[in-house]
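A.B. asks: Sequence and predicted structure, then a few things I'm wondering about:
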Amino acid sequence: MAAKPARLTTTRHGTFAIRWIVPARFRDQHGKPREVRFSLRTNDASKARILALEFNLALERLKSMSNDSDFSRQIAPFILQVGDVRIEVKDDDDQLRFNRFLQDHPDFRAKLLASIRSGVEPSAAMAELIGSVKAAVGAAAGAPSRFRLKDAVEKYLQSLPALSKNRRSTVGEKDRTLSLLLEHLSAQGRNLEEMTVQELVRPDLIDFIGVYASRRGKGGEGTAGHGSDDVTSAGSSKDGDAPIGLSPRTVMKAISHIKDFFDYALAKHWAASNPVDAAFDKATSGLRAGAQKAKSSHAYSVFDAADIRAIFEPRQYLANNRASDDFWAPLLGLYTGARLGEIVTLKLAAVVQDPKSRLFCLNVGTKNESSKRLVPVPTALIDLGFLDYIEHIRALGATALFPHRELNDTRKNDPSKHASRAFGVHLSKVGIQDPGYVFHSFRHTAITRMHVSGVPIGDSEMIVGHANQESMARQGSAGGGRSRPGGSTHIGTYVQAGAFEQEDLSLYARLKQHMDATLNFDIDVVRLRKAAKIVLEHTVSKGQGPTTTFKSGWHTNKPGYGAEMVKLLDA
């Protein structure tokens with residue numbers, strides 16, 4: 001049991017004294033309580049409290065040299081009054097924060113001790129440091145609660161779906177970053193069962209980021225490859241083929257995730273400040289500059305006609321993409337410009353008919369408000385059998401567009417991970433090796449084709465989700481050959497959705513016209529439709545009700561069977 005803390009008391013002569021119970025380890029062999037009492041030789045209460053502070057500082061220095069944790073409980077409560085500024089230290093936590101303040105402000109500490117030793121009135125000796133004292137008082141008054149770091153991370157991640165607009169993939173990234181941070185701290189010998197949020201400080205984070213930046217990228221051996229839409233390899237060794245770590249952009253994402261966590265911790269009163277501050281930014285300025293440079297130079301390549309023919313050559317396409325998501329996701333990307341994450345998370349309920357035009361549309365968009373939109377299903381996808389596939393899986397009792405992909409925790413956090421990697425493998429097999437070509441290149445291809453074909457920018461933005469369809473329709477910001485409403489500042493108020501009725505076309509009929517006219521490609525539709533039918537026939541269900549399971553494609557250990565399916569394309 002810890003000894004009682006030192007306290008100020010008075011002598012019979014009216015002067016102040018310090019009364020301190022010596023820790024057990026310094027007592028005699030019988031372990032009886034041993035008390036030290038000595039006079040401060042002053043009857044000035046303020047000076048006595050400051051002298052008591054110096055006594056406790058000496059104890060802290062002794063503790064640091066002896067590594068004796070028992071000293072942490074020998075803190076004398078005191079109040080330091082300087083003018084209208086008051087610092088009150090009542091317990092171990094207060095003392096710890098005040099000691100840290102003294103360490104961070106050596107000028108203040110020197111003035112304080114000098115005033116004690118010289119007998120100068122403290123308020124006069126420290127007049128120029130009142131601002132620092134007020135900051136210390138503010139920190140003490142708003143001292144954070146001692147909340148365990150592990151619990152804080154868990155509660156923060158649980159709060160994200162309700163309190164933020166983060167996509168599921170972003171939530172997954174934050175989870176992975178903070179999990180890696182906890183693993184790093186544990187590897188450094190920190191006790192995560194006891195470590196609090198306020199004990200995680202800037203040097204810890206700088207150390208972690210250094211280790212994190214040296215990790216290998218998503219591509220296994222360090223090359224980003226086609227499997228990811230974000231090139232993560234930071235560079236190469238002198239030989240030119242060995243990566244040296246993650247890209248600055250990827251590391252900056254991790255820093256952003258940590259900063260967001262501490263913003264939440266501040267709001268919950270678990271931390272007194274965010275260690276990802278100006279000093280942290282300065283220490284990681286090289287990463288920041290590298291990320292900015294990479295962002296300005298990074299661009300996805302656009303597929304040309306030869307690329308499209310190679311990617312969708314029916315025999316190779318079926319051989320490499322026998323499961324329904326692997327088969328349909330690239331085609332949906334090609335003909336709609338939709339994001340991969342939007343495609344693979346589609347529900348069957350998202351396939352709807354526009355009541356006015358009776359056109360089938362996809363209700364897509366998860367990134368932000370602008371991304372939420374109805375995208376007409378283009379004629380090419382209908383010709384390939386996409387609506388037939390929809391009816392097939394609906395008859396199986398499915399609710400998701402690709403029900404065979406189990407919605408486990410990994411897929412919830414990163415739903416496009418499998419499809420991204422599968423498409424990357426396919427690109428490599430058809431001879432497209434440049435890492436600038438990824439699934440997102442379909443989006444760039446669609447936008448570029450619509451632009452060069454003269455599609456009004458407002459319409460193209462509504463198709464790909466760069467503008468909110470509802471507000472665009474209300475404001476009349478699309479169609480009519482305009483890139484933006486111009487002239488009158490009141491046009492957004494007076495132009496209504498009726499402006500979209502051009503030549504008796506509804507909004508979605510006109511958007512479909514744009515897509516059919518510009519997103520047409522020289523591919524073998526006849527044999528691709530046969531391939532789509534084979535994929536449909538190999539998408540099956542087992543069981544009924546909640547226990548229903550789904551399967552699509554055939555196993556890779558059946559190359560002979562796969563070859564037979566490919567031969568059917570020429571039948």
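C.D. replies: That came through, no problem. Numbers count the residues shown, from 1 in each chain.

A.B. asks: Identify the residues contacting the residue nearest to Leu200 when sequence neighbours are not counted.
C.D. replies: Closest residue to Leu200 apart from its sequence neighbours, by C-beta to C-beta, 6 or more residues apart in numbering: Leu149 at 5.9 Å. Where you see a C-beta, it was placed from the backbone N, CA and C, and this is true even at glycine. By C-beta atoms under 8 Å, 6 or more residues apart in numbering, the contact list for Leu149 reads Leu182, Leu185, Leu192, Met195, Thr196, Val197, Glu199, Leu200.

A.B. asks: Which one (most neighbours) among these?
C.D. replies: Neighbours here mean other C-beta atoms under 10 Å. Within these, the largest count is held by Val197, at 25 neighbours.

A.B. asks: For the stretch 301-450 of the chain, just list every one of the helices.
C.D. replies: 305-311, 314-320, 324-336, 340-344, 379-384, 386-395, 409-413, 417-429, 441-452 (DSSP state H, counting those that start in this stretch).

A.B. asks: Select, out of the ones you listed, the one closest to Leu8.
C.D. replies: Among the helices of the stretch 301-450 of the chain, helix 409-413 comes nearest to Leu8, with 56.1 Å by C-beta to C-beta.

A.B. asks: Identify each buried residue in stretch 564-571, please.
C.D. replies: Of all the residues in stretch 564-571, those buried under the rule 16 or more other C-beta atoms under 10 Å are Met565, Val566, Leu569.

A.B. asks: what does that stretch rub up against?
C.D. replies: With contacts defined as C-beta under 8 Å, 6+ apart, stretch 564-571 is touched by Pro314, Arg315, Leu318, Ala319, Arg322, Arg527, Lys530, Ala531, Ile534, Trp554.

A.B. asks: Can I have the buried ones of the residues you listed as a PyMOL selection?
C.D. replies: In PyMOL, a selection of the buried entries from these looks like this (16+ other C-beta under 10 Å):
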select buried, resi 314+315+318+319+322+527+530+531+534
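
A.B. asks: Kindly indicate which of the contacts of stretch 564-571 lies nearest Phe16.
C.D. replies: Phe16 has its nearest neighbour among the contacts of stretch 564-571 in Arg322, at 86.4 Å by C-beta to C-beta.

A.B. asks: Show me the shaky parts of the stretch 401-550 of the chain.
C.D. replies: Across the stretch 401-550 of the chain, the ranges flagged by pLDDT under 70 are 408-413, 466-504.

A.B. asks: circling back: from the contacts of Leu149, pick the one nearest Asp263.
C.D. replies: For these, the nearest to Asp263 is Val197 (12.2 Å; C-beta to C-beta).

A.B. asks: how about that closest one, what does it touch?
C.D. replies: Neighbour list for Val197: Pro144, Phe147, Arg148, Leu149, Ala152, Ala265, Trp270, Ala271 [criterion: C-beta under 8 Å, 6+ apart].

A.B. asks: that older thread, which two among the contacts of stretch 564-571 are spaced furthest apart?
C.D. replies: It's Arg527 and Trp554 that sit farthest apart of the contacts of stretch 564-571, by C-beta to C-beta, at 18.8 Å.

A.B. asks: Who are the contact partners of Leu287?
C.D. replies: Contacts of Leu287 (C-beta under 8 Å, 6+ apart): Ile209, Ala213, Pro248, Val251, Met252, Ile255.

A.B. asks: confidence score at it?
C.D. replies: What the model reports as pLDDT for Leu287 is 71.

A.B. asks: Now do the phi/psi pair for Ile534.
C.D. replies: phi -60, psi -40 (degrees, to the nearest 10).

A.B. asks: Asp434 versus that one, what's the distance?
C.D. replies: Look at Ile534 and Asp434: by C-beta to C-beta, to the nearest Å, they are 30 Å apart.

A.B. asks: Domain ranges for the chain, per the record?
C.D. replies: Following automatic domain parsing, one finds the domains of the chain at 7-141, 149-297, 305-570.

A.B. asks: and these, which one's lowest on average pLDDT?
C.D. replies: Note on the domains of the chain: lowest mean pLDDT is at domain 7-141, with a mean of 60.

A.B. asks: Apart from its neighbours in sequence, what residue is nearest Asp388?
C.D. replies: Leu536 (6.5 Å).

A.B. asks: My guess is that neighbour contacts Tyr389. True?
C.D. replies: Yes. Counting by C-beta atoms under 8 Å, Tyr389 is a contact partner of Leu536 at 5.3 Å.

A.B. asks: Find residues that contact each of the two.
C.D. replies: Taking C-beta under 8 Å, 6+ apart as the criterion, Leu536 and Tyr389 both touch Ser324.

A.B. asks: which stretch of helix or strand covers the residue nearest to Leu569 when sequence neighbours are not counted?
C.D. replies: Take Leu569 and drop its neighbours on the chain: the residue closest to it by C-beta to C-beta, 6+ apart is Arg527, 4.7 Å away. Element membership of Arg527 [criterion: DSSP states H and E] is helix 525-537.

A.B. asks: Show me what that helix is packed against.
C.D. replies: Packing partners of helix 525-537 (3 or more C-beta pairs under 8 Å, 6 or more residues apart in numbering; DSSP states H and E): helix 314-320, helix 324-336, helix 379-384, helix 386-395.

A.B. asks: right, and those - which one's nearest His444?
C.D. replies: Checked against C-beta to C-beta, the stretch from the helices and strands packed on helix 525-537 lying closest is helix 324-336, at 10.5 Å.

A.B. asks: ok and the closest one relative to helix 386-395, angle-wise?
C.D. replies: Calculated by axes from the mean of the first three to the mean of the last three C-alpha atoms, to 10 degrees, helix 324-336 forms an angle of 140 degrees with helix 386-395.

A.B. asks: And helix 324-336, what's buried?
C.D. replies: Applying 16+ other C-beta under 10 Å to helix 324-336 flags 324-336 as buried.

A.B. asks: now the angle between helix 417-429 and it, please.
C.D. replies: Orientation check (the same axes, to 10 degrees): helix 324-336 against helix 417-429 gives 80 degrees.

A.B. asks: how about stretch 383-398: buried residues?
C.D. replies: Neighbour counts over stretch 383-398 (16+ other C-beta under 10 Å) mark Leu384, Gly385, Phe386, Tyr389, Ile390, His392, Ile393, Ala398 as buried.

A.B. asks: Wait, the third one touches Ala380, no?
C.D. replies: By that I understand Phe386. No. Phe386 is beyond contact range of Ala380, at 9.0 Å (criterion: C-beta under 8 Å).

A.B. asks: Just the endpoints, please. Distance across stretch 316-325?
C.D. replies: In stretch 316-325, first residue to last residue: 16 Å (C-alpha to C-alpha, to the nearest Å).

A.B. asks: Repeat that for stretch 515-530.
C.D. replies: Note: stretch 515-530 ends 23 Å apart using C-alpha to C-alpha.

A.B. asks: before we move on, what about stretch 372-381?
C.D. replies: 21 Å.

A.B. asks: Next, the buried residues of it.
C.D. replies: By neighbour count, with 16+ other C-beta under 10 Å as the criterion, the buried positions of stretch 372-381 are Lys372, Arg373, Leu374, Val375, Pro376, Val377, Pro378, Ala380, Leu381.

A.B. asks: residue boundaries of the strands in this protein?
C.D. replies: 7-10, 16-21, 35-39, 78-82, 85-89, 351-353, 360-364, 373-376, 539-542, 549-552 (DSSP state E).

A.B. asks: measure Leu178 to Ala152 for me?
C.D. replies: From Leu178 to Ala152 the distance is 9 Å (C-beta to C-beta).

A.B. asks: Need the residues touching each of these two.
C.D. replies: With C-beta under 8 Å, 6+ apart as the test, Leu178 and Ala152 both reach Phe261.

A.B. asks: Which residue lies closest in space to Thr379, excluding its sequence neighbours?
C.D. replies: Sequence neighbours aside, Asp516 is the residue nearest to Thr379 in space, at 5.1 Å (criterion: C-beta to C-beta, 6+ apart).

A.B. asks: since we're on Asp524, how many residues are nearby?
C.D. replies: Close neighbours of Asp524, defined as other C-beta under 10 Å, add up to 16.
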